[in-house]
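Peer 1: Any chance you can model this:
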Amino acid sequence: MNNQGFLKDVGHGILLNQEEETILKKYEIPYLNCQNTKELIFKIEDFLNDSYEELDDLEKLSLRLSEYSYYQETRK
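Peer 2: Prediction:
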């Protein structure tokens, strides 16, 4: 996944770029309803666990969000 583009806050401190929003829309993951990044990661992982195919774009997005969440919490 190419991380080009600026990150924007889509609500509740969840930062995504345009490509990442497109990926979530593609798989119909309701990211705008999430209360925080961890909830979004949970929804993505739940979707991946239920999928019968490898979804590299979604897996990479989950990894990026997990890393971001980790660094946000450990810097405090």
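
Peer 1: quick one: residue 64 from residue 30, how far?
Peer 2: When C-beta to C-beta, to the nearest Å is applied, the distance between residue 64 and residue 30 equals 19 Å. Glycine gets a C-beta too; all of them are placed from N, C-alpha and C.

Peer 1: out of the two, which sits in the busier spot?
Peer 2: Taking residue 64 and residue 30 together and counting by other C-beta atoms under 10 Å, residue 64 has the greater number of neighbours (17 against 10).

Peer 1: any idea of the pLDDT on the more buried one?
Peer 2: With respect to pLDDT, residue 64 scores 96.

Peer 1: Tell me how far the strand or helix carrying it lies from the chain's centre.
Peer 2: Secondary-structure element containing residue 64, defined by DSSP states H and E: helix 56-74. Taking C-alpha atoms, centre = their mean, to the nearest Å, one finds the center of helix 56-74 at 7 Å from the center of the full chain.

Peer 1: Stretch 29-37 too?
Peer 2: Relative to the mean C-alpha coordinate of its chain, stretch 29-37 is positioned 9 Å out (C-alpha atoms, centre = their mean).

Peer 1: hmm, back to that, what's next to the helix holding residue 64, contact-wise?
Peer 2: 1, 3, 15, 20, 23-24, 26-27, 37-38, 40-41, 44-45, 47-48 (C-beta atoms under 8 Å, 6 or more residues apart in numbering).

Peer 1: Run through the residues that contact residue 14.
Peer 2: The neighbourhood of residue 14, defined by C-beta under 8 Å, 6+ apart, consists of 31, 34, 36, 37, 40.

Peer 1: can you state the direction angle for the helix or strand encompassing the last one and helix 56-74?
Peer 2: Under the assignment given by DSSP H and E, the secondary-structure element containing residue 40 is helix 37-50. Here helix 37-50 runs at an angle of 150 degrees relative to helix 56-74 (axes from the mean of the first three to the mean of the last three C-alpha atoms, to 10 degrees).
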